[in-house]
Structure formats: structure tokens, C-alpha cells
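Novice: here is the input, now give the coordinates:
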Amino acid sequence: MNAKEAMTTLQTQMQQSIIGQRDLIRQMIVGLLANGHLLLESLPGLAKTRAVKSMAKNLDTQMRRIQFTPDLLPSDITGTEVLHQQDGQNIFQFQPGPIFGNVILADEINRAPAKVQAALLEAMEERQITVAGTTHAMPELFIVMATQNPIEQEGTYPLPEAQLDRFLLKVLVDYPDKDSEIQVLELVRSEEVAASAKAAEAQTTRIEPASVFEARGEIHGIHVAPAIEQYIMALVDATRHPANYDKTLATWIQIGASPRGGIALERTSRVNAWLEGRAHVTPDDVRAMVHPVLRHRLILSYDASAEGIHADQVIDKILELVAVPA
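Specialist: A predicted model of the protein is given here:
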């Protein structure tokens, strides 16, 4: 099976266990292929954790789950030096923490204090952690998928802008439609029956990491025309200099996207084009990815908050104002 077939299989198998969340599954695969981390935000019970577990189950990789709590320590994530006796001598050996995996589920990441978030930040950005002066590299296939609940803010620590910027995408997970939720009921019931009968799990095709790396190599070759690059940078520039585009927009945005925003938008647009079977990026690819790429990179003004304006509405306005290349 080639890389494209492998990713199609992965998406199909995930959709069998995650009903009514096609957009979530698509964005997770985009993050995997773009070699970036995802922040998943939704109300409780909308299959965030289940989706991450489903991806890890269908990939031939190791998943690690970290439940973030206010009393968590950095060493609980990174690991620590442990004293051992060997040949009558006391020596320190590094005991890896749960961050050393391929698919990392960082559950309720906003419940962790600043020191823990800083330790995670090094792993996400540098693909390494430093303990007792020694650097330890992450696996080649390494993706952090963090979840947070937007309504329960008691006992939480809002993620600093510097850490938010390290997430390639912020994915908002909404309720499934009524028909999909009926399928969810049927799926859960069938799983309960299978568990009580101790039935064997359905055979799934586990995707090898080599297929992911092959896909990434093909995505590197996706052509991005100069006009598309100009379009991407115009969208990013509109977040930084909104007054040049519209007076109302200028009252909504306090701080625009960083250069990482432009890099992420170009990279994910190439992934979207590859998934759609094209060898070049179109404006539709850029527009498909602009919301999850930019929504967490904008700091809105007090005026926007007072008017009830959200980041996605600001991005919608920018899409209206920036000319689409022919």
C-alpha cells in the first residue's frame, strides 16, 4: 500500500469508531502529516480523547496519555534521574517519563502549572527534553494532541501565547448531528455487547510509521506558486496591520499572527492539497486551513470581546477583505 492509500485507510478506520466528527479526524491527519501538534477544544464528552486513542490504535505506534493536574511536576512528564546500585556502586540512570512516546495525549493541558507547561514546551518545539544537564531526543514520529475544556476555568492555568503559538492547529470540536448521534448510540451498544461476550476485536490494518514519513516526503514536493505565497502572506499581514484593510477589523485585533502562522498555513495547505490528490496548492487549500491555523494566534481587543466577536468571525472578515488570486 502506498502512502496515499495508507492515509485513506487510516481515515476510514478512524471514522468507523468516531462518528459524526469527520472534520476532527481530517484535522488530526493534517497535523500528523504536517509534523505539528494539535490543540483540541470542546465541551466534555465530544470524543476528543477517543479520537486520539483511535489514531494511535490504527497507527503502529506507542501512545502515552498524560492527565494534567495542578499538582503535576515537570519530572512527572519528562522523567528523572533515579539512583541505582550496580556492582556495589551508586549510579544515576535516566528513567524516561510518559512524554517519550509517539502519540501523546495531553489531557486537560490547561490544568497544569507554568513549570509543567514549560517542560512540555521544550519537547514540542525542540523535539527534546533536558534533565540534569543531559539532552534526550524525542522519537522521530512525535505528535502532541492536547485537549482543553473551554467552560471549566476553575483551577486552570491559561496557556501562554508563546505555547499556543507552538500548536500547529487549534481544532474546535462541536456536537455531532442527530443522525450521527444515533449511530453513536448503536456503536456504543455494539461495543458493550462485544465486551460482555469477550468477542475478538475487528481486525484493523495498522499503518506503519514509514507510510507517514513517505507521505511527508511527497508533501514536500507539492508546488506552491508565488501567487499563493502572496495570498498566504496577505492573510497573515491582515492580522498584523488590520487598519490597512478595514477600520472595523482594526478595532477587533490587538495582536496578529507570528511568522509561525504563515509557515503553518503554507505547510498545512500543502497537506490539504496532497490529501485532495493535487500536485499544487490552490486558494481553496489555503482557505480550508486558515481557521484552525490562525484562530489561536490572534489576540482580540476588548472591543471585540464586548461585541461578542470570536476569532473565527475575525478570520471570516479577513477572508472577505483579502483578494483571492486568480
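
Novice: tally of neighbours for Leu235?
Specialist: 23 (other C-beta atoms under 10 Å). Heads up, the C-betas are built off the backbone N, CA and C, glycines and all.

Novice: in a helix, it, correct?
Specialist: Yes - under the criterion used here (DSSP: H, G, I helix; E, B strand; the rest coil), Leu235 sits inside a helix.

Novice: distance of the spatially closest residue to it that is not a sequence neighbour from Glu192?
Specialist: Counting by C-beta to C-beta, 6 or more residues apart in numbering, Val322 is the residue found nearest to Leu235 once chain neighbours are left out, at 5.5 Å. Here Val322 is placed at a distance of 50 Å from Glu192 (C-beta to C-beta, to the nearest Å).

Novice: tell me what the helix or strand hosting Val293 is packed against?
Specialist: In the assignment (DSSP states H and E), Val293 maps to helix 283-294. Contact partners of helix 283-294 among helices and strands, from 3 or more C-beta pairs under 8 Å, 6 or more residues apart in numbering; DSSP states H and E: strand 167-172, helix 226-240, helix 259-275, helix 311-321.

Novice: that older thread, which of Val322 and Glu192 has more neighbours?
Specialist: Shown here are Val322 and Glu192; by other C-beta under 10 Å, Val322 has more neighbours (18 against 10).

Novice: residues near Val82, how many?
Specialist: 10.

Novice: for Asn2, find the nearest of the helices and strands packed on helix 283-294.
Specialist: Nearest to Asn2, of all those, is helix 259-275, at 12.2 Å by C-beta to C-beta.

Novice: re earlier: please identify the pairing partners of the helix or strand following the helix holding Val293 and their relative orientation?
Specialist: Proceeding N to C from helix 283-294, the next assigned helix or strand is strand 299-300, under DSSP H and E. With DSSP bridges as the test, strand 299-300 is paired with strand 253-255 (antiparallel).

Novice: thinking again about what came up before, run through who's touching the helix holding Val293.
Specialist: With contacts defined as C-beta atoms under 8 Å, 6 or more residues apart in numbering, helix 283-294 is touched by 27, 30, 168-171, 228, 231-232, 235-236, 239, 257, 261, 264-265, 268-270, 272-273, 276, 278, 311-312, 315, 319, 324-325.

Novice: which of those residues count as buried?
Specialist: By neighbour count, with 16 or more other C-beta atoms under 10 Å, the contacts of helix 283-294 hold 27, 30, 168-171, 228, 231-232, 235-236, 239, 257, 261, 264-265, 268-270, 272-273, 311, 315, 319 as buried.

Novice: what mean pLDDT does stretch 256-269 get?
Specialist: Mean pLDDT, stretch 256-269: 95.

Novice: cool, stretch 318-326 as well?
Specialist: pLDDT averaged over stretch 318-326 gives 92.

Novice: what lies in contact with it?
Specialist: By C-beta under 8 Å, 6+ apart, stretch 318-326 touches 227-228, 230-231, 234-235, 238-239, 245-246, 249, 283, 287, 290.

Novice: show me how to select, in PyMOL, the buried members of the residues you listed.
Specialist: Those of the contacts of stretch 318-326 that count as buried under 16+ other C-beta under 10 Å are selected in PyMOL with:
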select buried, resi 228+231+234+235+238+239+245+249+283+287+290
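
Novice: turn the contacts of stretch 318-326 into TSV, including pLDDT and distance to Pro160.
Specialist: Formatted as TSV, the contacts of stretch 318-326 follow (pLDDT from 0 to 100; distance: C-beta to C-beta, whole Å):
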residue	pLDDT	distance to Pro160
Ala227	96	36
Ile228	97	32
Gln230	96	32
Tyr231	97	30
Ala234	96	28
Leu235	97	24
Ala238	96	24
Thr239	96	19
Tyr245	93	28
Asp246	93	29
Leu249	94	25
Pro283	97	33
Arg287	97	29
Val290	97	23
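
Novice: for the helix or strand containing Ile77, name the packing helices and strands.
Specialist: Using DSSP H and E, Ile77 sits in helix 74-78. Secondary-structure packing of helix 74-78 (3+ C-beta pairs under 8 Å, 6+ apart): helix 114-126, strand 128-131.

Novice: now the helices for the stretch 51-200 of the chain?
Specialist: Using DSSP state H, counting those that start in this stretch, the helices of the stretch 51-200 of the chain run over 74-78, 114-126, 161-164, 178-196.

Novice: just put these in JSON lines and tack on mean pLDDT and distance to Gln86.
Specialist: As requested, the helices of the stretch 51-200 of the chain are exported to JSON lines (pLDDT from 0 to 100; distance: least, C-beta to C-beta, whole Å):
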{"stretch": "helix 74-78", "mean pLDDT": "89", "distance to Gln86": "22"}
{"stretch": "helix 114-126", "mean pLDDT": "85", "distance to Gln86": "28"}
{"stretch": "helix 161-164", "mean pLDDT": "83", "distance to Gln86": "39"}
{"stretch": "helix 178-196", "mean pLDDT": "81", "distance to Gln86": "44"}
